[in-house]
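In: need the 3D shape of this:
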Amino acid sequence: MLCWTGSSGFNSELLFTAISILSLGGGNTLTPIELCGKTVHVVVFHTHWGFCGVGLFQMTAVMRQEVLGLYRKIFRIAKKWQSASGQAEETTAEREYIIKEAKTLFRKNKDVMDPKLIKQCIDECEARIQIGLHYNIPYPRPIHLPPMGLTQKQGRTFRHQEKLRKISKPIYLKSHDEIS
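Out: Alright, predicted model coming up:
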């Protein structure tokens, strides 16, 4: 981790040196550094023409509180959860699933620093909470898309069909396929 602190803010020469070091790594890199006592993430964007730009990202305190609030809310829901059948075994299994799923997804997304991606994750979490409470099932609600049996397995039609399937996936299922 690269560190700069000072009374007058960060030193632009040191920042340029750090960016030069990071840019040698190739590809788009997201590296945590400490600037003026705060951890920010430096992103060095590359193109096939060379160095393209730098972005500084920091998770805001409001987003952090919102994420932690959702995490606590999920655990409160899991603690009070009752299965639809009312059987003790199913209730216990569903509670364990809720806790395991929350831990897995929050740990997987802990390094996300882009505010847009964080907002998408928050929206997905809220959608899954509301759907779970409404239908009284903790598992993601399945979607039914038409099979691709009649399309060619290659070419423009197949790529278009794949794009349509990706776009039509509901927000509450974005992370489900990545895990299972």
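
In: just the pLDDT at the nearest residue to Y139 once chain neighbours are set aside, thanks.
Out: Distances taken as Cβ to Cβ, 6 or more residues apart in numbering place Y97 nearest to Y139, at 7.1 Å, with adjacent residues excluded. Just so you know, the C-beta spots here come from the backbone N, C-alpha and C atoms, and that holds for glycine as well. Here, the pLDDT recorded for Y97 equals 95.

In: sec struct for Y97, please.
Out: With DSSP: H, G, I helix; E, B strand; the rest coil as the basis, Y97 sits in helix.

In: got it, and the one 3 residues further on?
Out: At K100 the chain is in helix, as set by three-state DSSP.

In: what about it, distance to T60?
Out: K100 is 29 Å from T60, where distance means Cβ to Cβ, to the nearest Å.

In: what does V67 give?
Out: Separation of V67 from T60 (Cβ to Cβ): 11 Å.

In: what about those two, which has more around it?
Out: Remark: of V67 and T60, V67 carries more neighbours, 19 against 10, as counted by other Cβ atoms under 10 Å.

In: where in this structure is pLDDT low?
Out: Across the chain, the ranges flagged by pLDDT under 70 are 1-59, 142-158, 166-180.

In: domain-wise, how is it divided?
Out: According to automatic domain parsing, the chain comprises the domains 2-57, 61-141+169-179.

In: name the element S85 belongs to?
Out: Per DSSP states H and E: S85 is located in neither a helix nor a strand.

In: just give the number of residues close to it.
Out: Look at S85: counted by other Cβ under 10 Å, it has 11 neighbours.

In: what about it, distance to I98?
Out: S85 sits 16 Å away from I98, going by Cβ to Cβ.

In: what does Q87 give?
Out: 16 Å.

In: with neighbour numbers in mind, choose between those two.
Out: Neighbour tally, Q87 and I98, criterion other Cβ under 10 Å: the higher count belongs to I98, 21 against 11.

In: show me what contacts that one?
Out: Taking Cβ atoms under 8 Å, 6 or more residues apart in numbering, we find I98 in contact with I74, I77, A78, W81, G132, P138.

In: so the second one touches L133, yeah?
Out: Okay, so that is I77. Yes: the pair I77 / L133 is scored as a contact, 7.2 Å apart, by Cβ atoms under 8 Å.

In: compare the two (neighbour count), which wins?
Out: Between I77 and L133, I77 has the larger neighbour count (other Cβ under 10 Å), namely 17 against 12.
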